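**Student:** For reference, the sequence and a predicted model appear below.
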Amino acid sequence: MDVSILTLFPQIFQPLLKSSILNKAQKQGKLRVNLVDLRKFGIGGYWQVDDRVYGGGVGMILRVEPIAKAIAKLKIKKQKSKIILLDPQGKKFNQKTALRLAKEKYLVLICGKYEGVDERVRKIVDEEISIGDYVLSGGEIPAMAVVDAITRILPGVLEKEATQNESFSSAAIGRKKAILLEPPQYTRPEEFEGMKVPKILLSGNHQEIAKWRAQEALKKTKKLRPDLLN
Ligand code: SAM
């Protein structure tokens, strides 16, 4: 997958892209990240990217032209790019969206800044994504959250089983499918301050362990996220 990230702060991304699974996916050739400095598409001698809001009000917003120019340039090479604006007004990001976007070949993520973007930017993107009902100061953290969530489910990046049994993956309950949280997990020691690892997990009986995990996943989901079962 090719991901282009339009941002005024390309340097922010490097430490994360050079770590852990994101680094591995790039080395495997499964992920290519193109950091596009929006400032280079700025207007005039000062490469202006922002401006005051018509009608008055505090702060500046990103102008539409630098973003439009950057998108146009990227589209010349990759016409089938899916263009996404990170924005608190967008559709809430979840695992289902990550799975859908993981099927795309080319993604373009636009990071807003300041007080947001000129409303006309919304007309030149394919969709808007929010990572939650709160306001961050820029789209860089949301963009990284999206890239990270997508990368770990790209085929071959992690072992299939690792992502199939995770929280928010679809599991069978009898004949029905449901979205569940992951069941409880333990590692050594077998006992910590009186808290013991459930005996079944030490039994070596894989069939019974699988049954226990399915029951616990359902129990946990009912308790913590009953909304997922609706
Ligand atoms: N004034 C805007 C509003 O009230 O909707 C908020 C602008 S925010 C300070 C600046 C930028 O951060 C946004 O343009 C967006 O790119 C990014 N951003 C902030 N919160 C976000 C969220 N929850 N999800 C996705 N992007 C977000």
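**Tutor:** In hand now; what should we look at? Residues are numbered from 1 along each chain as shown.

**Student:** Burial check on residue 70, number of neighbours?
**Tutor:** 19 (other C-beta atoms under 10 Å). All C-beta atoms are positioned from the backbone trio N, CA, C, and that covers glycine.

**Student:** Then residue 46?
**Tutor:** Using other C-beta under 10 Å, residue 46 is surrounded by 8 other residues.

**Student:** and what of residue 100?
**Tutor:** Residue 100 has 11 neighbours, counted by other C-beta under 10 Å.

**Student:** Under a three-state scheme, what state does it occupy?
**Tutor:** helix (DSSP: H, G, I helix; E, B strand; the rest coil).

**Student:** and it, how far is that from residue 56?
**Tutor:** Using C-beta to C-beta, to the nearest Å, we find residue 100 at a distance of 40 Å from residue 56.

**Student:** One more: residue 8?
**Tutor:** Counting by C-beta to C-beta, the gap from residue 8 to residue 56 is 24 Å.

**Student:** Could you check the pLDDT of residue 20?
**Tutor:** Per-residue pLDDT puts residue 20 at 97.

**Student:** Distance of whatever residue of the chain ends up closest to the ligand relative to residue 184?
**Tutor:** Proximity of the chain to the ligand (C-beta to the nearest ligand atom) peaks at residue 112, 2.0 Å away. Here the distance between residue 112 and residue 184 works out to 39 Å (C-beta to C-beta).

**Student:** Looking at these two, which is more packed in?
**Tutor:** residue 112 (26 against 14).

**Student:** Which of residue 8 and residue 56 has more residues huddled nearby?
**Tutor:** More crowded of residue 8 and residue 56, by other C-beta under 10 Å: residue 8, with 20 against 6.

**Student:** ok, then the element right after the strand or helix carrying residue 217?
**Tutor:** Residue 217 is part of helix 206-224 when elements are defined by DSSP states H and E. Tracing the chain C-terminally past helix 206-224 and defining elements by DSSP H and E, one meets helix 226-229 next.

**Student:** which secondary element of the chain has the worst mean pLDDT?
**Tutor:** strand 169-173 (a mean of 84; mean pLDDT, DSSP states H and E).

**Student:** Going by neighbour count, which residues in that strand are buried?
**Tutor:** 169, 171 (16 or more other C-beta atoms under 10 Å).

**Student:** If you compare the directions of the next helix or strand after it and strand 169-173, what angle comes out?
**Tutor:** Sequence order places strand 176-180 as the next helix or strand after strand 169-173, per DSSP H and E. Angle of strand 176-180 versus strand 169-173, following axes from the mean of the first three to the mean of the last three C-alpha atoms, to 10 degrees, is 140 degrees.

**Student:** Parallel or antiparallel, which strands does strand 176-180 pair with?
**Tutor:** strand 169-173 (antiparallel) (DSSP bridges).

**Student:** ok, and what's touching the strand it pairs with?
**Tutor:** Under the criterion C-beta atoms under 8 Å, 6 or more residues apart in numbering, residues 95, 163, 165, 177-180, 214, 217-218 lie in contact with strand 169-173.

**Student:** go again using 6 Å as the cut-off
**Tutor:** Residues external to strand 169-173 that are found in contact with it (C-beta atoms under 6 Å, 6 or more residues apart in numbering): 177, 179-180.

**Student:** Quick check: residue 142 touching residue 86?
**Tutor:** Yes - assessed by C-beta atoms under 6 Å, residue 142 is found in contact with residue 86 at 4.1 Å.

**Student:** Look up the closest residue to residue 13, ignoring the ones flanking it.
**Tutor:** residue 35 (5.8 Å; C-beta to C-beta, 6 or more residues apart in numbering).
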